[in-house]
Every structure is written in structure tokens, then in C-alpha cells.
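Undergrad: Sequence first, then the predicted structure, then my questions.
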Amino acid sequence: MAIGRLSVSVGVKGKGGPHAQYIAREGKYAKYNDGLEKLEGTGYGNMPKWAQTDPNFFWKMSDDKERKNGTSYREHVIALPRELTADQRHELIKEWIHQEIGEKHAYQYAIHNPLAMDGLEQPHAHIMFSERLIDGIERDPDQYFKRFNAKKPECGGAKKANTPKLLNERKLELKDQRDRWEKLCNSHLELAGSDARISMKSLEEQGIDREPINLSMQQIKRADVKKIYTNLLTARNDFEQAKLDSLAINIIDELGKIDKESHERASTAIDRANRAIGSSEQAIAEYGEQSEYRDQNIRESVETDKSHQRIIGYRSQRIDESYPRYRLHRKRVEETAQTIDRAKRRISDTKQFITSSKRRIRDRKQLITNTIEELITNTIEEYDRLMQGPDVQPQAGEQEQQQRQQELTTIQAEEKEAERQRIEKRKPSG
């Protein structure tokens with residue numbers, strides 16, 4: 001099933017060069033495991049003369065020369081349909097870049113294709129481009145990323161296209177851009193002969209009664225979440241297959257029509273045979289009553305009877321031929337009824353599985369919520385204990401010191417008393 005997704009993000013100063021190397025699998029990302037995420041295609045364009053052969057130098061200069069807290073690039077991350085081949089997806093992205101970026105901005109793109117949770121392809125594109133407009137003025141790296149000079153453009157840097165804009169204005173632009181992507185992607189799917197289509201509308205706008213599923217990468221990597229999500233995809237595919245199977249039920253109407261035609265033809269043949277037999281008997285009786293033309297009438301009757309017999313034989317043969325077809329049609333109707341019952345059972349099982357999956361997902365969410373609340377409570381208690389510790393510990397230390405001093409005083413007093421008693425014993429009596 002083709003998926004519609006287009007997100008727009010901003011890369012801050014210092015992130016342009018590393019991100020460009022990441023999407024192009026260059027530098028430290030050159031040995032990235034191609035078995036997990038295949039690099040289907042990459043390219044760049046509209047670079048100034050000093051970066052036409054090395055786009056990484058352009059992004060490095062952007063990171064170095066842009067003002068503090070400025071943006072180095074903007075990026076489109078777009079889900080591509082797995083129903084298209086790698087070459088067809090590449091052509092789709094190149095046409096999108098031509099339509100949306102044209103010759104206005106320096107850009108670089110890459111198409112990645114990792115495995116999805118269902119084990120199939122998950123192709124998507126990264127398109128990063130500079131917000132600075134190309135106005136035909138030659139600028140070196142130091143000047144290119146300076147602040148734009150409206151009065152003397154040749155003295156300032158290249159103008160940024162996306163400033164200043166309000167949040168609502170950006171939201172409307174993004175909605176229009178997603179509508180354009182839906183039209184372009186669906187036109188390429190149609191040209192490829194695929195029945196699949198994408199929709200950039202929300203689930204509510206599409207009339208789909210369910211909550212969207214948003215999972216973080218940490219959650220996706222968990223085995224239990226991956227299993228639940230895979231089972232949900234399997235149930236959804238089974239449900240779609242059941243819907244397709246239900247469409248085949250229309251064959252019952254066709255079989256009914258064929259069965260009705262067979263009955264009508266058989267009845268017509270039998271009626272004609274009966275009328276022919278009745279005509280023959282009537283003709284024989286009339287010929288028998290006419291004595292002067294008896295012989296001629298008998299011969300004519302015999303010929304007529306033979307003709308009628310041939311008609312009867314032909315009609316009987318047609319009836320015999322129609323009966324096996326009638327039995328075959330009845331058998332097909334019974335098989336179709338069984339198929340309907342199986343489809344209904346599959347739909348019922350799918351609904352039960354979807355309900356069970358939703359319940360397990362709710363339980364997981366509740367477990368995560370409880371765990372987070374417990375961690376927060378423990379953290380607050382530990383913090384309070386640590387905050388109260390310094391006030392309590394000095395008091396405990398003073399008590400221990402006083403106790404030790406009392407014990408030492410007692411021991412010294414006992415030793416003095418013992419020494420006094422020894423001295424008294426040593427004195428002579430009298």
C-alpha cells in the first residue's frame with residue numbers, strides 16, 4: 001500500500017555538512033550497512049562556482065559563515081511508493097525537485113531504502129537545500145552567506161527566501177505543498193500502471209475511524225511493539241483481501257442468470273416437442289379419415305413423423321446437454337456460498353484481532369505511563385531526601401561526639417578510682 005508522507009525540517013548552523021555526508025553515505029557514513037538501508041540514488045545541483053564539484057564544501061561554508069543561531073539548510077523527507085521501481089522513484093524525485101526548487105536554491109538529495117517492519121521496502125528521500133536564493137550575482141563564500149543588502153545586492157549576501165513568515169502562513173504553504181506532492185506522486189503511479197494511490201489528507205478527512213499510530217524509533221526497535229505492529233499490518237492486509245473476496249460474490253448473480261436461461265431454454269424445447277407431437281397425432285388422425293388420399297397421406301405422415309422425431313431427438317439432446325451445465329452452475333453457486341462464509345469468518349476474525357491489538361496497545365501505553373509516573377515520584381523523593389540530608393547529618397555527628405566524650409570521661413574516672421584504691425591498699429596499717 002502506497003503511503004503519503006512529506007515533512008519539512010530545518011538544520012541549524014553546524015549541522016549542514018554532517019547531514020549532507022549522512023544522506024550521501026560519505027565520510028564516516030561511507031561504511032554504513034547497505035544491507036539494512038540501501039542507497040538507491042543521490043545527486044545535487046544549483047551550486048555556486050566554488051562548490052560545483054564538491055557540494056560538501058558548500059555545506060561546510062554554510063556551517064562556518066552563517067550567522068550565529070542561523071539555519072544552514074531546510075529539508076524535505078518524503079515517503080516514496082514501493083509500487084514503483086528504483087528508477088521510477090528516482091525520476092519522481094527529480095521531477096519534484098524541478099517543480100519545487102527549480103533553479104532558485106542550491107540542493108542535494110539522496111534516496112534511501114531500508115526494510116520496513118513488515119519485511120518489505122520502505123523507500124524515502126532526503127532533499128536538503130539552502131534557503132538563500134540564486135540571483136545571478138557571483139559571490140565568494142565569505143560574501144555568499146552575509147546578510148542581504150536590499151539597496152546594493154552586489155555588496156551583501158544572497159537573500160533568504162523563507163524569512164520573515166508567520167506560523168500560519170508556513171502551515172498553509174506546507175498543506176499546499178503536500179497537495180502538490182499527492183498529485184505528482186499519483187500521476188507517476190498511474191503512468192507506471194499501478195492501481196495504488198496516496199492521500200495526504202488526515203484519517204478523519206479520509207473517513208477512517210481510528211487514531212493515528214505514532215511510534216518513536218526506540219519503541220519501534222522493541223520486539224513486543226514490532227510484533228504488535230506487524231500483526232496489525234497483517235490483519236489490515238487480511239481485511240483488504242477479505243474485501244476483495246467479497247467483490248467476487250457478484251458472480252452469484254451471473255450464475256443465477258445462466259441458470260435461469262438454461263431453465264427457460266429447456267422449457268421452450270419441451271414445449272416445442274409437445275406441440276410437434278400433438279401436431280403429428282392430429283395429422284395422422286386426419287389422414288386416416290381421408291380414404292381417397294390414404295396412401296399419400298400415410299407417406300406424408302411418416303415423413304412428418306420422422307421430422308418430428310428428429311426435432312424431438314434434437315430437443316432432447318439439447319436438454320441432456322443443458323442438464324450437466326445446470327448441475328455445474330448449481331455446484332458453483334454452492335462453492336461461492338462457501339467462499340462467502342469463509343470470507344465472513346475471516347472478516348470476523350480480523351475484526352476480533354484488530355480489537356485485541358488495540359486493547360494490547362492501550363495496555364502498553366498505560367504501562368508506560370505508570371512506569372514514567374513511578375520514576376518521577378521516586379526521583380522527587382530521592383531529591384527531597386538529598387536536600388534534607390545536610391541538615392540532619394551534622395546533628396547526628398554532634399550527638400555521636402558528645403556520646404564519645406561522655407564515655408571517655410567515664411573511663412577516665414574509673415581509672416582514677418582504681419588507681420586511688422591501689423594506693424590505699426599499699427599504705428601500711430596503724
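TA: That came through fine. Note that the structure is predicted; figures quoted are calculated from it, not measured.

Undergrad: the strands in this structure, which residues?
TA: 6-12, 37-45, 71-79, 107-114, 124-129 (DSSP state E).

Undergrad: Export those strands as TSV, with columns for mean pLDDT and mean neighbour count.
TA: Using the backbone N, CA and C atoms, a C-beta is placed for each residue, glycine as well. Output for those, formatted as TSV (pLDDT from 0 to 100; neighbours: other CB atoms under 10 Å):
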stretch	mean pLDDT	mean neighbour count
strand 6-12	92	15
strand 37-45	91	17
strand 71-79	94	21
strand 107-114	94	22
strand 124-129	96	22
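
Undergrad: Columns distance to Q352 on top of these, output as CSV?
TA: Below are those laid out as CSV (distance: least, CB to CB, whole Å):
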stretch, distance to Q352
strand 6-12, 35
strand 37-45, 36
strand 71-79, 30
strand 107-114, 32
strand 124-129, 33
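
Undergrad: For Y144, which of those is the nearest?
TA: Among the strands of the chain, the nearest to Y144 by CB to CB is strand 71-79 (12.6 Å).

Undergrad: Relative to the closest one, what are the paired strands and their orientations?
TA: Applying DSSP bridges, strand 71-79 is found paired with strand 6-12 (antiparallel), strand 124-129 (antiparallel).

Undergrad: Just checking the distance from that strand to the centre of its chain.
TA: 20 Å (CA atoms, centre = their mean, to the nearest Å).

Undergrad: neighbouring contacts of that strand?
TA: 3-16, 19, 59, 62-63, 66, 93, 96, 100, 122-131, 162, 181 (CB atoms under 8 Å, 6 or more residues apart in numbering).

Undergrad: try stretch 257-266
TA: By CB under 8 Å, 6+ apart, stretch 257-266 touches R318, I319, S322, Y323, R325, Y326, H329, R330, V333.

Undergrad: Try it again at 10 Å.
TA: 315, 318-323, 325-326, 328-330, 332-333 (CB atoms under 10 Å, 6 or more residues apart in numbering).

Undergrad: Mean confidence (pLDDT) on it, please.
TA: Taken as a whole, stretch 257-266 carries a mean pLDDT of 75.

Undergrad: So for it, what gets flagged as buried?
TA: Buried residues in stretch 257-266, counted by 16 or more other CB atoms under 10 Å: I258, D259, S262, A266.

Undergrad: want to try JSON lines for those residues, with distance to E303 as columns?
TA: Below are those laid out as JSON lines (distance: CB to CB, whole Å):
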{"residue": "I258", "distance to E303": "38"}
{"residue": "D259", "distance to E303": "38"}
{"residue": "S262", "distance to E303": "32"}
{"residue": "A266", "distance to E303": "28"}
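
Undergrad: Can you list which of those are found in helices?
TA: I258, D259, S262, A266 (DSSP state H).

Undergrad: Let me know the closest of those to I311.
TA: Among those, and counting by CB to CB, the member closest to I311 is A266, at 14.9 Å.

Undergrad: mind checking how far that closest one is from E400?
TA: Using CB to CB, to the nearest Å, A266 is found at 114 Å from E400.

Undergrad: Check G43 too.
TA: 75 Å.

Undergrad: my guess is R342 contacts Q241, does it?
TA: No: using CB atoms under 10 Å, R342 is not in contact with Q241; the gap is 11.4 Å.

Undergrad: is it true that Q177 touches E100?
TA: Yes: look at Q177 against E100 with CB under 10 Å: they come within range, at 7.1 Å.

Undergrad: Can you give me the domain assignment for the chain?
TA: With domains defined by automatic domain parsing, the chain comprises 6-212, 246-368.

Undergrad: gap between the longest one and the chain center?
TA: I take that to be domain 6-212. 21 Å.

Undergrad: Run a quick neighbour tally on M61.
TA: 21 (other CB atoms under 10 Å).

Undergrad: that older thread, would you single out the least confident of the domains of the chain?
TA: domain 246-368 (a mean of 75).

Undergrad: surely Q143 meets K152?
TA: No: counting by CB under 10 Å, K152 is not a contact partner of Q143; they are 11.9 Å apart.

Undergrad: what separates L92 from I411, distance-wise?
TA: When L92 is compared with I411 (using CB to CB), they lie 93 Å apart.
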